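Peer 1: Sharing a model that was predicted from the sequence below.
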Amino acid sequence: MKKAIIYIPNKNPMQSGLAKSNNWVLEFKTKDPTKNPLMGWESSSDTYSELKLEFSSKELAINYAKKKKIDFELIEPRKRKTVKKSYADNFLK
């Protein structure tokens, strides 16, 4: 049976904005990773590990996994803490 993870990927650290960071990704877990003796790279004969499916909502990703009979683990995103600052606070200390 195929196993997958459903999550929202982290934003790129080189970006300051949050645009295009609300898509959910269904990514398959690798069954049997092996190490290449020549180069030391990790490889697998499982081609599902190369596949990442993007969905616009969590419900669509879950429905797809249930429809295709894929065992999945759902990783909920943590809420970001935003601290409101004023420019004047830099001079009041």
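Peer 2: Sure thing, it's come through. Numbers count the residues shown, from 1 in each chain.
Peer 1: Could you use CA atoms for every contact and neighbour count after this?
Peer 2: Will do.
Peer 1: so for the helix or strand harbouring residue 27, what's the average pLDDT?
Peer 2: Following DSSP states H and E, one finds residue 27 within strand 24-28. For strand 24-28, mean pLDDT rounds to 94.
Peer 1: Other residues contacting that strand?
Peer 2: Strand 24-28 is contacted from outside by 2-9, 48-58, 61, using C-alpha atoms under 8 Å, 6 or more residues apart in numbering.
Peer 1: mind saving the C-alpha coords of stretch 82-93 as CSV?
Peer 2: C-alpha atoms of stretch 82-93 as CSV (Å, rounded to 0.1, in the frame of the first residue of the first chain):
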residue,chain,number,x,y,z
THR,A,82,3.2,38.2,14.0
VAL,A,83,4.5,41.0,16.3
LYS,A,84,3.3,44.4,15.4
LYS,A,85,6.1,46.9,15.7
SER,A,86,6.2,50.6,15.2
TYR,A,87,9.2,52.3,13.7
ALA,A,88,9.2,54.7,16.7
ASP,A,89,9.9,51.7,19.0
ASN,A,90,13.5,51.6,17.7
PHE,A,91,14.2,55.0,19.4
LEU,A,92,12.2,54.6,22.6
LYS,A,93,14.6,52.2,24.4
